[in-house]
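S.K.: here are the coordinates; sequence isn't available:
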């Protein structure tokens, strides 16, 4: 459910942020503002300021900021729409509901919710193998309840009989992967397994993971298939419970599995989540970034774990996160380690986690005997590849460090790096550090296009065939977020998109919605966007050639003659396309 921009604006006008914040945080007047201790990170000296005039809050300690809705979202661990509903309910404000697109997904969530309740009752109301297994793993009852752990019994059709008895369509049960069908016979997909419900940050059950109890049952972990409500690449296990703690602690720990998440949470490390058994994805990195930019990867120390860490840290860095890597010692997993060493012992490992470049360099050394000249040369070549992807300042620091550690001259290492890709040419967007390029603005074509996507989401697929229409990073980020929202939820929710975008992108997106009309035939609007995009590309090439001519001393060379012919062709093409546009 989402609400119209008009009703959101009306709500903001009727509430006072000082009143909303003071219900949760003691505030004292400080000049024209109000001040208190920040609820989003630990501090003794108040640095949390609320401006009644501007209707915003800001913490000068952790950087949290926003309006009344943003405060309620963060403090009560709600998504955008839930926060709006909470405020509206408390103040008696009526909200206009926005008409949705596409099909209604509520039925899928209802089925998963009923399945989760069925598994939970089977787990808690009578003796069973699942509860015995989790008790053996020393998980306390209150933690089992918090994560909604359940049990799928050994019968073939317990869940099927229960859900069809509730009136749910068999086809939907099969589609969600709760039931399998063979030769007209239906049977439960999960049997004799501990069940881990997977819950998104909106609090909806989107899928399940089932852990085999009998060692002879394979696979060890059986997960729900991809469905209209479950996309593994878009979600993280446990984040629905831990996102506030990640924000407060200032970082999140990513582990490999359900039990590691639950074990650490029980041990007092509550800023933790798991990536659902798949390699970390860009969408998951973006989800993490909504709550914190600092990430610690805690993966197995074997080859598979190291490979996963290397891939994951690149993806996180590309999304602008600061990433470190730790491996639990003595071959133990995080769940086992924290049981033995406690929270303090585990956090000591976190404290010693290696930053991006250090981990990459240490990994590059694996398998080499640095007392042998041949191995040292080969190792330094691999390290040079790592250093070539770093920014200038970071690269300079690590060149000195590596040269000192491996006993090689800095100049020789710099020359070796010179044979690799230069830092400025490195393919990593990561570098997206604090030294970013000047802020971009959406092109006029992108503004019309984004407005069109919000009217008719079918053009998201069309856009996949014409990525050149998006010419700015901010335009690509907004369009990608719209595309991801449609892919995950089956329909577009504008408020959900606003919730995901960062402050700068959200402001640009909202401005488009409020000021850029998209009226008339949608196909004509789309065709016009393509036409204008092509004209703009030609004009850019035209300007490039004119710049070359402005620096040339004469126009007689063959290359310049060829440029002149190209310039004339471009100008002719532009006029032709302008005439075509006028005829439409």
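M.R.: Structure received. Note that the coordinates shown come from a computational prediction; the quantities given were computed from them, not determined experimentally.
S.K.: from here on, contacts and neighbour counts on C-alpha atoms
M.R.: OK.
S.K.: where's residue 220 relative to residue 194, distance?
M.R.: 11 Å (Cα to Cα, to the nearest Å).
S.K.: again, but for residue 72
M.R.: Computed as Cα to Cα, the residue 72 to residue 194 distance reads 35 Å.
S.K.: which one of the two has more residues nearby?
M.R.: Taking neighbours as other Cα atoms under 10 Å, residue 72 and residue 194 compare with residue 194 leading, 27 against 23.
S.K.: isn't that one right up against residue 149?
M.R.: Yes - contact criterion Cα atoms under 8 Å: residue 194 and residue 149 qualify, at 7.2 Å.
S.K.: Helices of the stretch 451-584 of the chain, residue ranges please.
M.R.: Here the stretch 451-584 of the chain has its helices, by DSSP state H, counting those that start in this stretch, at 459-464, 473-489, 494-500, 503-515, 522-551, 558-583.
S.K.: Please read the previous query as pertaining to the stretch 201-350 of the chain.
M.R.: 239-249, 258-266, 282-289, 303-318, 334-351.
S.K.: Reformat the helices of the stretch 451-584 of the chain as TSV; add mean pLDDT, mean neighbour count and distance to residue 301.
M.R.: As requested, the helices of the stretch 451-584 of the chain are exported to TSV (pLDDT from 0 to 100; neighbours: other Cα atoms under 10 Å; distance: least, Cα to Cα, whole Å):
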stretch	mean pLDDT	mean neighbour count	distance to residue 301
helix 459-464	79	15	38
helix 473-489	84	19	32
helix 494-500	82	19	33
helix 503-515	81	15	37
helix 522-551	78	15	49
helix 558-583	77	13	57
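S.K.: Run through the stretch 51-200 of the chain and note the low-pLDDT ranges.
M.R.: Within the stretch 51-200 of the chain, the segments meeting pLDDT under 70 span 98-104.
S.K.: what are the ranges of the helices in it?
M.R.: Using DSSP H, counting those that start in this stretch, helices in the stretch 51-200 of the chain cover 68-76, 80-91, 106-124, 129-136, 141-146, 158-165, 170-175.
S.K.: Show me which residues of the longest one are buried.
M.R.: When neighbours are counted by 16 or more other Cα atoms under 10 Å, the buried residues of helix 106-124 are found to be 108-109, 111-124.
S.K.: try the fourth one
M.R.: Neighbour counts using 16+ other Cα under 10 Å place 129, 130, 131, 134 of helix 129-136 among the buried residues.
S.K.: Now tabulate the residues you listed in TSV and tack on distance to residue 190.
M.R.: As requested, those are exported to TSV (distance: Cα to Cα, whole Å):
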residue	distance to residue 190
129	14
130	12
131	16
134	17
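S.K.: hmm, which two among those are most spread apart?
M.R.: Largest separation among the buried residues of helix 129-136 by Cα to Cα: 129 and 134, giving 8.7 Å.
S.K.: Can you check which of the helices of the stretch 451-584 of the chain gets nearest to residue 11?
M.R.: Taking these one by one with Cα to Cα, helix 494-500 is closest: 14.3 Å.
S.K.: List of residues touching that closest one?
M.R.: Helix 494-500 has contacts (Cα atoms under 8 Å, 6 or more residues apart in numbering) with 2-3, 79-81, 287, 290, 454, 481-482, 485, 506, 509-510.
S.K.: Now with 7 Å, please.
M.R.: Helix 494-500 has contacts (Cα atoms under 7 Å, 6 or more residues apart in numbering) with 2, 80, 290, 481, 482, 485, 506.
S.K.: Quickly check the residues you listed for the two that are furthest apart.
M.R.: Pairwise distances across the contacts of helix 494-500 peak at 19.8 Å for 2 and 290 (criterion: Cα to Cα).
S.K.: higher neighbour count, those two?
M.R.: Taking neighbours as other Cα under 10 Å, residue 2 and residue 290 compare with residue 2 leading, 21 against 14.
S.K.: So what's the predicted local confidence for that one?
M.R.: For residue 2, the model assigns a pLDDT of 63.
S.K.: and what of residue 419?
M.R.: 68.
S.K.: Find the nearest non-adjacent residue to residue 279, please.
M.R.: In this structure, residue 279 finds its nearest non-sequential neighbour in residue 308, 6.4 Å apart by Cα to Cα, 6 or more residues apart in numbering.
S.K.: again, but for residue 563
M.R.: residue 545 (6.8 Å).
S.K.: any idea how far residue 562 is from the one you found?
M.R.: 11 Å.
S.K.: again, but for residue 357
M.R.: Residue 357 is 47 Å from residue 562, by Cα to Cα.
S.K.: same thing with residue 73?
M.R.: From residue 73 to residue 562 the distance is 60 Å (Cα to Cα).
S.K.: ok, now residue 197?
M.R.: 65 Å.
S.K.: Also residue 126?
M.R.: Relative to residue 562, and taking Cα to Cα, residue 126 is found at 84 Å.
S.K.: What are the buried residues along stretch 216-232?
M.R.: 221, 222, 223, 224, 225, 227, 228, 229, 230, 231, 232.
S.K.: Of these, which pair is most distant in space?
M.R.: 221 and 228 (21.5 Å).
S.K.: where exactly do the strands run in the stretch 301-450 of the chain?
M.R.: Here the stretch 301-450 of the chain has its strands, by DSSP state E, counting those that start in this stretch, at 322-326, 354-355.
S.K.: could those strands go into TSV alongside distance to residue 363, mean pLDDT and mean neighbour count?
M.R.: Shown next, in TSV, are those (distance: least, Cα to Cα, whole Å; pLDDT from 0 to 100; neighbours: other Cα atoms under 10 Å):
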stretch	distance to residue 363	mean pLDDT	mean neighbour count
strand 322-326	11	95	23
strand 354-355	11	96	17
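S.K.: Including distance to residue 56, could these go into a markdown table?
M.R.: Shown next, in a markdown table, are the strands of the stretch 301-450 of the chain (distance: least, Cα to Cα, whole Å):
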| stretch | distance to residue 56 |
| --- | --- |
| strand 322-326 | 27 |
| strand 354-355 | 35 |
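S.K.: Relative to residue 378, which of those is closest?
M.R.: strand 354-355 (22.8 Å).
S.K.: tell me what the closest one is packed against?
M.R.: Using 3 or more Cα pairs under 7 Å, 6 or more residues apart in numbering; DSSP states H and E, the elements in contact with strand 354-355 are strand 322-326.
S.K.: who does the strand it packs on touch, helix- and strand-wise?
M.R.: Using 3+ Cα pairs under 7 Å, 6+ apart, strand 322-326 sits against strand 294-298, helix 303-318, strand 354-355, helix 356-364.
S.K.: For the shortest one, which strands pair with it and how are they oriented?
M.R.: Pointing back at strand 354-355 there. strand 322-326 (antiparallel) (DSSP bridges).
S.K.: Relative to the whole chain's centre, how far out is the partner strand?
M.R.: 17 Å (Cα atoms, centre = their mean, to the nearest Å).
S.K.: Stretch 307-317 too?
M.R.: For stretch 307-317, the distance to the chain centre is 14 Å (Cα atoms, centre = their mean).
S.K.: so where's the stretch 301-450 of the chain shaky on pLDDT?
M.R.: 331, 419-440.
S.K.: again, only using 50
M.R.: Along the stretch 301-450 of the chain, the model assigns pLDDT under 50 to residues 421-438.
S.K.: Tell me the bridge partners for the closest residue to residue 256 other than its chain neighbours.
M.R.: Nearest residue to residue 256, sequence neighbours excluded (Cα to Cα, 6+ apart): residue 274, at 5.4 Å. Under DSSP bridges, the beta-bridge partners of residue 274 are residue 237, residue 255.
S.K.: Spatially nearest residue to residue 158 (excluding sequence neighbours)?
M.R.: Closest to residue 158 by Cα to Cα, 6+ apart is residue 188, at 7.1 Å.
S.K.: picking up where we left off before, I'd like the buried residues of stretch 216-232 as TSV, with distance to residue 566 and pLDDT appended.
M.R.: Below are these laid out as TSV (distance: Cα to Cα, whole Å; pLDDT from 0 to 100):
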residue	distance to residue 566	pLDDT
221	61	91
222	60	93
223	57	93
224	56	94
225	53	91
227	51	88
228	49	83
229	51	85
230	51	89
231	48	84
232	49	85
